[in-house]
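K.L.:
dropping a prediction and its sequence here:
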Amino acid sequence: MLATILSPTSGGAKLNGFSLDDSENVRRSIGIVFQDPSLDDELTAKENLEFHARVYHLSEQEKNKRIPEVLEIVGLNEKADLQIKTFSGGMKRRLEIARGLLHYPKILFLDEPTIGLDPQTRRTIWEHIENLNKQQGITVVLTTHYMDEADYLCDRIAIIDKGKIIALDTPENLKNVMGGDIVIIDTDDKEKFQKVLKFDWIKEIKEFEGKLNITVLNGEKAIPKLLDLSIKHKIKINSVNLKKPTLEDVFIHYTGRAIRDETSSSKDLLRSQASAMWRR
């Protein structure tokens, strides 16, 4: 709907100051990279961009100026004259991002920008997306099923379940919903240790798989205090681990299921995704 591909079922929205029913100006204000590849493999990188420039009615002068600029932004300026069929998956993704930037959009929509890419290529794409926001001043809105991607890239995250936003906040605030960090302590004196753990900064104590799971607000600061306490009361500690809440934990907390649940259909996964957004 925000990309003017579907008509709103109700309500309204504005992008770059333009209402959605002003589709021409909205489309001039946005760039979009679809989940499925949409490049012409028989054309070169430059030819793909030239075609896009004609679609957006860029003048010859604007086209000749902008194509080298966007290729430079995504690190493909030396690949301009190569056919797309010679490109790797990551290079194709970067070129699609360059194409979305060709007409100077204020907002860039990315639909699953790194799906199917290897970890190293994913990281490269992340760096380019981050630079678009910080250096180019472009607002980026992306959808992703990768919780680490949303956590790394985004200023604000919306969790969408069955078509409705059920949580919207910064990554840090969303993770704070889980109640804090968990310090996992393995000790043979669990009962004795629990009796001396009477402090306001300890929010909850649970025993799980034979170990104490102690929920605290700041795990790094709590661990030295817990160790000092064990020494004071002559309680032997076998091991200590710190588990910080992840966005995966947050997603399960709100939706009741894992985002990559193998029992879920692809349709279910499309309805349950993390949508992450930047603000300029």
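P.N.:
Alright, I've got the coordinates.
K.L.:
and Glu130, what helix or strand is that in?
P.N.:
Here Glu130 is covered by helix 119-134, with elements defined by DSSP states H and E.
K.L.:
how about that helix: buried residues?
P.N.:
Using 16 or more other C-beta atoms under 10 Å as the burial criterion, the residues of helix 119-134 that qualify are Thr121, Arg122, Thr124, Ile125, Trp126, His128, Ile129, Leu132, Asn133. Using the backbone N, CA and C atoms, a C-beta is placed for each residue, glycine as well.
K.L.:
and stretch 234-242, by the same measure?
P.N.:
Neighbour-count burial for stretch 234-242 [16+ other C-beta under 10 Å]: Ile235, Ile237, Val240.
K.L.:
could you look up the SS state of the first one?
P.N.:
Three-state secondary structure (criterion: DSSP: H, G, I helix; E, B strand; the rest coil) places Ile235 in coil.
K.L.:
give me the spatial nearest neighbour of it, chain neighbours excluded.
P.N.:
Sequence neighbours aside, Asp189 is the residue nearest to Ile235 in space, at 4.7 Å (criterion: C-beta to C-beta, 6 or more residues apart in numbering).
K.L.:
against Ala222, how distant is that neighbour?
P.N.:
As judged by C-beta to C-beta, to the nearest Å, Asp189 and Ala222 stand 19 Å apart.
K.L.:
ok, those two, which is more surrounded?
P.N.:
When Asp189 and Ala222 are compared for neighbours, Ala222 comes out ahead with 20 against 15, by other C-beta atoms under 10 Å.
K.L.:
would you mind measuring from that one to Lys175?
P.N.:
For Ala222, the distance to Lys175 - C-beta to C-beta - is 16 Å.
K.L.:
for Leu142, name its beta-bridge partners.
P.N.:
Under DSSP bridges, the beta-bridge partners of Leu142 are Leu110, Ala276.
K.L.:
what about it, how many neighbours?
P.N.:
22.
K.L.:
hmm, it is touching Asp111, no?
P.N.:
Yes: assessed by C-beta atoms under 8 Å, Leu142 is found in contact with Asp111 at 7.5 Å.
K.L.:
torsion angles phi and psi at the most centrally placed residue in the chain?
P.N.:
Residue closest to the average C-alpha location in the chain (C-alpha atoms, centre = their mean): Ala150, at 1.8 Å. Ala150 adopts backbone torsions of phi -60, psi -40, taken as degrees, to the nearest 10.
K.L.:
Gly179 contacts Asn213, doesn't it?
P.N.:
No: when contacts are counted by C-beta under 8 Å, Gly179 is not listed as touching Asn213 (11.3 Å).
K.L.:
all helices of this protein, in order?
P.N.:
23-29, 45-55, 60-73, 89-101, 119-134, 147-153, 171-176, 190-196, 219-232, 247-255, 266-271 (DSSP state H).
K.L.:
now the last one: mean pLDDT?
P.N.:
It stands for helix 266-271. In this model, helix 266-271 has a mean pLDDT of 39.
K.L.:
same check on the third one?
P.N.:
When pLDDT is averaged over helix 60-73, the result is 94.
K.L.:
residue ranges in the stretch 51-200 of the chain under the pLDDT threshold?
P.N.:
Along the stretch 51-200 of the chain, no part satisfies pLDDT under 70.
K.L.:
how about the residue lying farthest from the centre of the chain, what does it touch?
P.N.:
In the chain, Lys234 marks the outermost C-alpha relative to the chain mean, sitting 45.5 Å out by C-alpha atoms, centre = their mean. Counting by C-beta atoms under 8 Å, 6 or more residues apart in numbering, Lys234 touches no other residue.
K.L.:
please report how far it lies from Lys192.
P.N.:
Lys234 sits 9 Å away from Lys192, going by C-beta to C-beta.
K.L.:
could you do Gly180 as well?
P.N.:
Remark: distance between Gly180 and Lys192 (C-beta to C-beta) = 24 Å.
K.L.:
who's more crowded, those two?
P.N.:
Neighbour count, other C-beta under 10 Å: between Gly180 and Lys192, Gly180 has more, with 20 against 13.
K.L.:
so which of the buried residues of stretch 234-242 is the closest to Ile166?
P.N.:
Ile166 has its nearest neighbour among the buried residues of stretch 234-242 in Val240, at 34.5 Å by C-beta to C-beta.
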